[in-house]
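>>> Please find the sequence and the predicted model below.
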Amino acid sequence: MQRRINDVLIHYVEHGRGVPLIALHGAGVDHREIEAAIEAVVPGYGYRRIYPDLPGMGRSTTGHLGCNDDVVALIAGFIDRLGAGPVMLLGHSYGAYLARGVAAQRPDIVRALALLCPVAERSQNVPAHEVVCQDANAYDELEPEQRHGFDEYFVVRTPATARRYRGHVVPGTTLVDATGLGRIFAGWAVDVGSGTFPAQTLIAAGRQDSIVGYTDAMDLLQHYPHATLLVADGAGHALMHERPELLAALLGDWLHRARPDDK
């Protein structure tokens, strides 16, 4: 499916009916990565799960977008255009940074917020890359040229995580508009506000995340007074693939606490 917001074409897929849940993927991939992770653990009923390709990735264009705040405004416009009322908004990595911007700038359209391995304006105290698990047969699932990217991203290297990387991460890496995305990233800082976001919030980080670390995630608590925070040992930046059983429990609790019929 597609929606045109001003001069930008947003491609997205959706599943199910019910409370709208929008999930934003990270940089350099497309919706298929976060779709695979979330669809594997959220209930198959009661939620309208929506997965857009962010601008310059997948099949979405960039138009004249010039910075990340432009992307935040675009996402807000996309939510408005869906006409679904306040949404549950989830983001991984770069997508989490954008989600924070939407919640700060348009709190009226965000029912609840989930931030997985969130990127910040600047990442601090990032640990060294540390392999947690290395199965000898993990690389049997990969082409030789895919192994370096897999090793950079995953600290849990098993046949299961290799299949997830091959099937749902790699395809999106070939569909990046480097010029358009470079222009957007030149205006990297997102206006995440200085106040607090009062709705239910989930913040999850990997203890072995060598891309953004975990201390910045801990610092977010002051901005989200109803946040649950978890720093997961045995997981890196690919936490949603490496600890799926933990992700299922966390999202289950978040969904339960934020459902409108639970109030």
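Arrived safely, thanks for sending. Numbering: from 1, shown residues only.
>>> element containing Ile79?
Element membership of Ile79 [criterion: DSSP states H and E] is helix 68-82.
>>> what is the residue nearest to the spatial centre of the chain paired to in the beta sheet?
Most central in the chain under CA atoms, centre = their mean is His92, positioned 2.0 Å from the mean C-alpha point. Beta bridges link His92 to Leu116, judged by DSSP bridges.
>>> And it, how close does it get to Tyr45?
Separation of His92 from Tyr45 (CB to CB, to the nearest Å): 23 Å. For glycine as for every other residue, the C-beta is placed from the backbone atoms N, C-alpha and C.
>>> now swap in Val126 and tell me
39 Å.
>>> just Gln200 next, same as before
Gln200 is 21 Å from Tyr45, by CB to CB.
>>> which of the two has more neighbours?
Gln200 (22 against 8; other CB atoms under 10 Å).
>>> Next up, phi/psi of that one, please.
phi -60, psi 130 (degrees, to the nearest 10).
>>> Surely it and Ala258 touch.
Yes: when contacts are counted by CB atoms under 8 Å, Gln200 is listed as touching Ala258 (4.2 Å).
>>> Find residues that contact each of the two.
Ala112 (CB atoms under 8 Å, 6 or more residues apart in numbering).
>>> low pLDDT regions in the chain?
260-263 (pLDDT under 70).
>>> What's the separation between the nearest residue to Met57 once chain neighbours are set aside and Leu116?
Nearest-residue entry for Met57: Asp30, 5.1 Å, with adjacent residues in sequence omitted and distances by CB to CB, 6 or more residues apart in numbering. Distance of Asp30 to Leu116, computed by CB to CB: 17 Å.
>>> I'd say Gly206 and Glu242 touch.
Yes: using CB under 8 Å, Gly206 is in contact with Glu242, at 7.4 Å.
>>> of these two, who's got more company?
Using other CB under 10 Å, the more surrounded residue of Gly206 and Glu242 is Gly206, with 30 against 26.
>>> That one bridge partners, please.
Note on Gly206: beta-bridge partners Ala232, judged by DSSP bridges.
>>> give me phi/psi at Arg100?
phi -60, psi -40.
>>> distance of the closest residue to it other than its chain neighbours from Val102?
Excluding its sequence neighbours, the residue lying closest to Arg100 (CB to CB, 6+ apart) is Val192, at 4.6 Å. Distance check for Val192 against Val102: by CB to CB, it reads 10 Å.
>>> Tell me which of those two has more neighbours.
Set Val192 next to Val102 and count neighbours by other CB under 10 Å: Val102 wins out with 27 against 21.
>>> sec struct for that one, please.
Put simply, Val102 is helix when judged by DSSP: H, G, I helix; E, B strand; the rest coil.
>>> wouldn't it be in contact with Leu74 here?
No: judged on CB under 8 Å, Val102 makes no contact with Leu74 at a distance of 9.8 Å.
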